[in-house]
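>>> Sequence and predicted model, in that order:
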Amino acid sequence: MSRLLLVRHGETELKSSERLWGHTDAKLGALGLKQAERLRDRLAAEKIDAIYSSNMQRALVTAETIASRHQLAVITCAELHEVNFGKIEGLTISEANQRYPELAKLRMQRNLNLKYPGGDSLIEFSKRTSKFLDRLEQHTDDETILIVAHYGVLRILICRLLDIDLRYLWQFHLDLASLSRIETNQQRKILKSLNDVSHLV
């Protein structure tokens with residue numbers, strides 16, 4: 001059974017915990033670098049056979065920090081690039097809701113027709129992200145795969161891997177530098193843990 005380790009990148013210089021940063025290639029801040037080191041130490045004893053990462057700096061540096069304890073190169077994937085928030089890029093959720101109330105309404109309704117003004121639609125984003133799953137087909141059932149990416153990307157992957165309707169992606173919360181685990185084979189897929197941040201305590 002393949003083991004998938006899903007990691008969200010650490011905190012950025014631009015405060016990803018507070019604002020919507022999608023296509024902006026923000027670097028990890030001091031806290032984010034410490035979080036990446038905690039993840040490195042947490043996963044140091046894990047058997048990891050491949051490491052995939054978004055090509056954005058905040059995810060790639062997190063992945064490379066973890067990889068420093070393993071004899072593996074990080075494979076960057078454009079499919080794992082975060083959503084383009086368009087005109088709400090850099091805003092807080094509250095600011096975005098005030099400026100674009102219709103967008104807030106679509107989010108509340110879990111409407112799959114949601115499109116960020118000047119950015120990606122949810123369907124476009126989902127199709128791009130889901131292409132990453134083709135890469136997992138190259139791996140055997142006894143391998144452990146580490147995937148380092150972003151909030152939106154990981155929630156879509158979790159829905160796709162567990163055959164959960166995309167409307168429910170908003171019901172998953174993933175903290176910065178969190179670790180989630182999924183085990184999968186031809187017959188079944190099991191969510192073993194979600195949003196584990198015990199290594200940050």
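Cool, got the structure.

>>> could you point out the longest helix in this protein?
Using DSSP state H, we find that the single longest helix of the chain is helix 30-43.

>>> Which strands and helices lie in contact with it?
Applying 3 or more C-beta pairs under 8 Å, 6 or more residues apart in numbering; DSSP states H and E, we find helix 30-43 packed against helix 57-67, strand 179-184. Quick note: C-beta positions are derived from backbone N, CA and C, even for glycine.

>>> Tell me the buried residues in that helix?
By neighbour count on 16 or more other C-beta atoms under 10 Å, the buried set for helix 30-43 is 31-33, 35-40, 42-43.

>>> low pLDDT regions in the protein?
Along the chain, segments meeting pLDDT under 70 span 1.

>>> Contacts for the longest helix of the chain, please.
Contacts of helix 30-43 with the rest of the structure, by C-beta atoms under 8 Å, 6 or more residues apart in numbering, involve 5, 7, 9-13, 28, 58, 61-62, 65-66, 68-69, 146, 176-177, 179, 199-200.

>>> returning to what we had before: tabulate the helices and strands packed on helix 30-43 in TSV, adding columns for distance to Arg99 and mean neighbour count.
Converted to TSV, those look like this (distance: least, C-beta to C-beta, whole Å; neighbours: other C-beta atoms under 10 Å):
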stretch	distance to Arg99	mean neighbour count
helix 57-67	25	23
strand 179-184	32	19
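
>>> that older thread, chain center to the longest helix of the chain, what's the gap?
16 Å (C-alpha atoms, centre = their mean, to the nearest Å).

>>> Could you do stretch 131-138 as well?
Relative to its parent chain, stretch 131-138 has a centroid offset of 16 Å by C-alpha atoms, centre = their mean.

>>> tell me what the one helix or strand Arg3 maps to is packed against?
Arg3 is part of strand 2-8, with elements assigned from DSSP states H and E. Judged by 3+ C-beta pairs under 8 Å, 6+ apart, strand 2-8 is in contact with helix 57-67, strand 144-149, helix 151-161, strand 179-184.

>>> That strand pairs with which strands, and in what direction?
Its sheet considered, strand 2-8 pairs with strand 144-149 (parallel), strand 179-184 (antiparallel) by DSSP bridges.

>>> Quick check: the closest residue to Thr144 other than its chain neighbours vs Lys131, distance?
Excluding its sequence neighbours, the residue lying closest to Thr144 (C-beta to C-beta, 6 or more residues apart in numbering) is Arg3, at 4.3 Å. According to C-beta to C-beta, to the nearest Å, Arg3 stands 21 Å off from Lys131.
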